[in-house]
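> fold the following.
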Amino acid sequence: MAKVLLINGSPKSEGCTYTALNEMAKIFKSEGLEAEIIHIGNKEIRGCAACGYCKKNGKCVFDDIVNETAKKFEDADGLVVGSPVYYASPNGTLISFLDRLFYSATFSKHMKVGASVVNCRRGGNTASFDVLNKYFQISGMPVAPSTYWNMTHGFTPEDVQKDKEGLQTMRNLARNMAFMIKAIKDAKEKYGLPEVERVSMTSFPDGK
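As a prediction, this is how the structure comes out:
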């Protein structure tokens, strides 16, 4: 069975971000996919120390929820990252988590489907949305679309439940993501995955 991980980057386990992610999880399950929400927003997660340990050992030197999630990420077919908006940016704890997860997890993320979800009371959603999507794009992960930017609005979970368009966006996103995961799995069996070139790296040490 295909599986999707949903990362709750909010400090609150069942707050606004969870409300949006849970709306998606219900659709994934109805589409025959396994869905697991992982709450990381209340953990003490430090940033990357640039020590190089992961390149030699295949995991981060800080043995915490990042390494735990990496094992699940390797087996998953899709990843949804959810965050509240702090000063027009994702939660700092989530950023530290994602920096280390994507950098230290040395397995290929190519063609795993990604999506980000953001919640705010009023503004800053699109800037936060843009930051989160870049983790997928640099990793060869197709980004699932919806019928609007993947955002909900509200100061409380009850507010988010009133955001009918926002929750509709979450459901459409989940359906599109489920379709992409199934289509990619089918195409992988028929044609294999696209070739990935990793030879050239931009560097101009001679100044020319």
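> what about Lys109, distance to Thr156?
34 Å (CB to CB, to the nearest Å). All C-beta spots, glycine's among them, are computed from the backbone N, C-alpha and C.
> quick one: which of the two has more around it?
Using other CB atoms under 10 Å, the more surrounded residue of Lys109 and Thr156 is Lys109, with 20 against 13.
> my read is the more buried one is in a helix, agree?
No. Using DSSP: H, G, I helix; E, B strand; the rest coil, the assignment for Lys109 is coil, not a helix.
> list the buried ones in the lengthiest helix in the chain?
Across the chain, the longest stretch assigned as helix under DSSP state H is helix 164-191. For helix 164-191, the neighbour count (16 or more other CB atoms under 10 Å) marks 166-167, 169-178, 180-182, 184 as buried.
> tell me the helices and strands packed up against it.
strand 3-8, helix 16-30, strand 78-86, strand 113-120, strand 151-153, helix 157-162 (3 or more CB pairs under 8 Å, 6 or more residues apart in numbering; DSSP states H and E).
> my guess is Pro145 contacts Ala174, does it?
No. Taking contacts as CB atoms under 8 Å, Pro145 lies outside contact range of Ala174: 11.6 Å.
> tell me the pLDDT of Leu173.
Leu173 carries a pLDDT value of 98.
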